[in-house]
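Engineer: Structure of the sequence below:
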Amino acid sequence: MDDYLISSNTADAGELTATCKTLSMDNVEIRKATIGDAAVLLTLIDALADFENLSPPGEEAKGRLVNDLFGGRPRLDAYLAVTDGEAVGYALIFEAYSSFLALPTLYLEDLFVLPAYRGQKIGSALFRAMVEEARRRGCGRMDWEVLDWNQGAIDVYRRLGGTHLKQWHKYRIDLVGFSKLSLERETRFELATSTLARLHSTS
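Structural biologist: Model (predicted):
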């Protein structure tokens, strides 16, 4: 997960509404994003990329993201942290599934708060809201990732009850890998077809 979280929070999960659409605290409101929030959400995602020294999503990617969030068949949900009328942080979540638990898993893809608003318990409020959303959905757990250099986030996740899964190794295959495997399969098929054709022609 691309994320940043630096502070704990004393907000109780009971402050959340039944649908976890809004969490109100003295200094922050956490609410589910709508299509009208697309521009500000994309700005926050760009800010996260800058914080992590990564390239932000391009225009085509942003278009896909908005469609996947707010289109006819949403793939994930976004929540905004709003203070004094300004969105200053966000979280992205989607559901996976645990075959052993036979329950959905809530995956926290992003959690980010603008640098100027850190230290105000906003990140922790976002995190707690997502935990409550996982509970509301009947999930058996919530998973996320944190960069190994983000010690502030690591410390807070531990304080909030997060467990470092040392026994697991993270793997990834990207679009280049997809194409490579597909090409290898096609090459093997063509080779097998060619071999069979030669065998038939000599029999």
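Engineer: From now on I want contacts and neighbour counts done on CA atoms only, so please keep to that.
Structural biologist: Will do.
Engineer: gap between K170 and L41?
Structural biologist: 27 Å (Cα to Cα, to the nearest Å).
Engineer: who has more neighbours, these two?
Structural biologist: It is L41, of K170 and L41, that has more neighbours when counted by other Cα atoms under 10 Å, with 23 against 5.
Engineer: you'd agree that one is up against Y90?
Structural biologist: Yes - L41 lies in contact with Y90 (Cα atoms under 8 Å); the separation is 7.3 Å.
Engineer: which stretches of this protein have low pLDDT?
Structural biologist: Counting by pLDDT under 70, the chain shows low-confidence ranges at 1-26, 188-192, 194-203.
Engineer: Run through the strands of it in chain order.
Structural biologist: With strands called from DSSP state E, the chain shows them at 2-3, 22-24, 29-32, 77-83, 86-98, 103-113, 141-144.
Engineer: Same list, the ones you listed, but as JSON lines with distance to L181 and mean neighbour count please.
Structural biologist: Output for these, formatted as JSON lines (distance: least, Cα to Cα, whole Å; neighbours: other Cα atoms under 10 Å):
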{"stretch": "strand 2-3", "distance to L181": "27", "mean neighbour count": "22"}
{"stretch": "strand 22-24", "distance to L181": "44", "mean neighbour count": "19"}
{"stretch": "strand 29-32", "distance to L181": "38", "mean neighbour count": "21"}
{"stretch": "strand 77-83", "distance to L181": "31", "mean neighbour count": "22"}
{"stretch": "strand 86-98", "distance to L181": "24", "mean neighbour count": "20"}
{"stretch": "strand 103-113", "distance to L181": "26", "mean neighbour count": "22"}
{"stretch": "strand 141-144", "distance to L181": "28", "mean neighbour count": "16"}
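Engineer: Those strands: which one's closest to N150?
Structural biologist: Among those, strand 2-3 comes nearest to N150, with 8.7 Å by Cα to Cα.
Engineer: Could you check how far the residue nearest in space to the middle of the chain is from D84?
Structural biologist: Nearest to the mean C-alpha position of the chain, counting by Cα atoms, centre = their mean, stands E109 at 1.2 Å. Applying Cα to Cα, the value for E109 to D84 is 26 Å.
Engineer: Thought A49 was touching F112, still the case?
Structural biologist: No - under the criterion of Cα under 8 Å, F112 is not in contact with A49, lying 10.2 Å apart.
Engineer: Please work out how many residues are found near the nearest residue to D46 once chain neighbours are set aside.
Structural biologist: Closest residue to D46 apart from its sequence neighbours, by Cα to Cα, 6 or more residues apart in numbering: P56 at 5.3 Å. Neighbourhood size, P56 [other Cα under 10 Å]: 17.
Engineer: same check, this time on L147
Structural biologist: 13.
Engineer: List the residues that contact the closest residue to I93 other than its chain neighbours.
Structural biologist: Nearest residue to I93, sequence neighbours excluded (Cα to Cα, 6+ apart): L108, at 4.7 Å. By Cα atoms under 8 Å, 6 or more residues apart in numbering, L108 lies in contact with M1, A91, L92, I93, F94, M130, M142, D143, W144, E145.
Engineer: give me the beta-bridge partners of the fourth one?
Structural biologist: What that stands for is I93. Per DSSP bridges, the residues bridged to I93 are D77, L108.
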